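Peer 1: Sharing a model that was predicted from the sequence below.
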Amino acid sequence: MTTDNRRERADSFKTIGDQYHRLRPPFPDEVVDWMLPDGAVDVLDLGAGTGRLTDSLVARGLAVTAVDPSTSMLGVLRERLPEVRAVEATAESTGLPSGSFDAILVAQAWHWMDPAAASAEAARLLRPGGTLALVWNMHVPSAGWQEEFEAIQDALRGTALLGEGRPDVREPLGACQELIFRWSREVPAEDYLRIRTTHSPFMVADDATKADRLARWRALLDANAGDTVTEGYTTQAWRFTLG
């Protein structure tokens, strides 16, 4: 993905905050617990968006700061979680004080960031021994019509990291560890379609392409799905320690 394409696709999320939050899957508790270092108190949710991960951090009683460059996405987070400090800024330049956090968590967002600048900013913000943890939920379609459904847009394969090695995190962050967790959820059939419209390849497509994808998705749902659909996911996480 080129820098220009990455910027265009990242910017496409700025207008869909409410729909994004309602449709996107949560992050499993087992994975969130693994991402957090023992004794963590002050935690930064970097690229927080609408607060899909922030919810889990707040539920654990942590002191959470949420950073995102999108006014509309942060607006959803602020309305839902008024107790959370929300800062409109980029991952590469947060403006926050150095050494402020025990952990920095990045959910579904590292691939939108400049790895060198974001790594340097994370290292500046972490306390000694602090942790940078990255996580992605990746939809794993069942064989058959779900695979055909996914192939219409191929939305996740452009950013999925499973099997492609560790994310591009730079020194002085090191000591990488990895976790893979598989799970599933049941969603209304209509939401199974709508969630694909929150993926950047759909949002940056022209109107004719969008209409074609929607029609093909609708035909597959009508022919194969009942009222609900079981979605399979693999959640993959990495954590890096500041030495």
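Peer 2: In hand now; what should we look at?

Peer 1: max-length helix in the protein?
Peer 2: For the chain, the longest helix by residue count, based on DSSP state H, is helix 207-224.

Peer 1: Looking at it now, give me its mean pLDDT.
Peer 2: Regarding helix 207-224, the rounded mean pLDDT is 95.

Peer 1: likewise stretch 36-50?
Peer 2: On average, stretch 36-50 scores 96.

Peer 1: Alpha carbons of that stretch, as PDB, please.
Peer 2: Only the C-alpha atoms of stretch 36-50 are listed here, as PDB (Å, rounded to 0.1, in the frame of the first residue of the first chain):
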ATOM      1  CA  LEU A  36      -1.500  -5.300  29.400                       C
ATOM      2  CA  PRO A  37       1.700  -5.600  31.500                       C
ATOM      3  CA  ASP A  38       1.400  -6.500  35.200                       C
ATOM      4  CA  GLY A  39       0.600  -3.500  37.400                       C
ATOM      5  CA  ALA A  40      -0.300  -1.200  34.500                       C
ATOM      6  CA  VAL A  41      -2.200   1.900  35.600                       C
ATOM      7  CA  ASP A  42      -1.800   4.600  32.900                       C
ATOM      8  CA  VAL A  43      -2.700   3.300  29.500                       C
ATOM      9  CA  LEU A  44      -2.800   5.000  26.100                       C
ATOM     10  CA  ASP A  45      -5.300   3.800  23.400                       C
ATOM     11  CA  LEU A  46      -3.500   5.000  20.300                       C
ATOM     12  CA  GLY A  47      -5.700   5.300  17.200                       C
ATOM     13  CA  ALA A  48      -8.600   4.700  19.500                       C
ATOM     14  CA  GLY A  49     -11.300   5.600  16.900                       C
ATOM     15  CA  THR A  50     -14.800   5.200  18.500                       C
END
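
Peer 1: Check which element follows the lowest-mean-pLDDT helix or strand in the chain along the chain.
Peer 2: In the chain, the helix or strand scored least confidently by mean pLDDT, DSSP states H and E is helix 3-11, which has a mean of 43. Note on helix 3-11: by DSSP states H and E, the next helix or strand toward the C-terminus is helix 17-23.

Peer 1: any idea what sits nearest Ala237, other than its immediate chain neighbours?
Peer 2: Val135 (4.2 Å; C-beta to C-beta, 6 or more residues apart in numbering). From N, CA and C alone the C-beta is placed, and that goes for glycine too.

Peer 1: Report whether the expected contact of that neighbour with Thr234 is present.
Peer 2: No - judged on C-beta atoms under 8 Å, Val135 makes no contact with Thr234 at a distance of 11.2 Å.

Peer 1: More neighbours: these two, which one.
Peer 2: Using other C-beta atoms under 10 Å as the criterion, Val135 and Thr234 rank with Val135 on top: 24 against 15.
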